[in-house]
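Peer 1: build me a model from this:
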Amino acid sequence: QVQLVESGGGLVQAGGSLRLSCAASGSIFNINTMGWFRQPPGKQREFVTTITSIGRTEYADSVQGRFTISMDNAKNTVYLQMDALKPEDTGVYYCNADIRSTSRFVWTNYWGQGTQVTVSS
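Peer 2: Below is the predicted model of the structure:
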């Protein structure tokens, strides 16, 4: 069984910073990609950023230059440094990962439970 557990959400004023973490645990063989999606209030879930195990990154245009994703392969953990936050960054942030477990040796997509980020104006 594989689990993703996020932490680090909270309330921050516009212009401030937050750092999210997501740790993958369980019977992990290897991880291909980890990333973040978010769901603003009343809207659909949207892509934020991803990183591959070799460090290739992609960002949504709306966060490019303000957010930075990084991954610690040894800890199976991905981080999201969010700077210059705006009220429109408010939402539930979900961790996502493509993982092969030791018991199910195929790539499987997993989601975390989500962490709330609220940016006040």
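
Peer 1: tell me the spacing between the most far-flung residue of the chain relative to its centre and residue 30.
Peer 2: Farthest-out residue of the chain from its mean C-alpha position, per CA atoms, centre = their mean: residue 103, at 24.6 Å. Residue 103 sits 13 Å away from residue 30, going by CB to CB, to the nearest Å. The way it works is simple: take the backbone N, C-alpha and C, and place the C-beta from them, glycine included.

Peer 1: tell me, what's the model's pLDDT at the residue farthest from the centre of the chain?
Peer 2: With respect to pLDDT, residue 103 scores 85.

Peer 1: my guess is it contacts residue 26. True?
Peer 2: No - with contact defined as CB atoms under 8 Å, residue 103 does not count as touching residue 26 (9.3 Å).

Peer 1: give me the residue at the spatial middle of the protein.
Peer 2: The residue lying closest to the centre of the chain (CA atoms, centre = their mean) is residue 36, at 2.9 Å.

Peer 1: so what's that residue bridging to?
Peer 2: According to DSSP bridges, the residues that bridge with residue 36 are residue 49, residue 95.

Peer 1: wait, what's in contact with it?
Peer 2: Residue 36 is in contact with 20, 22, 48, 49, 50, 69, 78, 80, 93, 94, 95, 96, counting by CB atoms under 8 Å, 6 or more residues apart in numbering.
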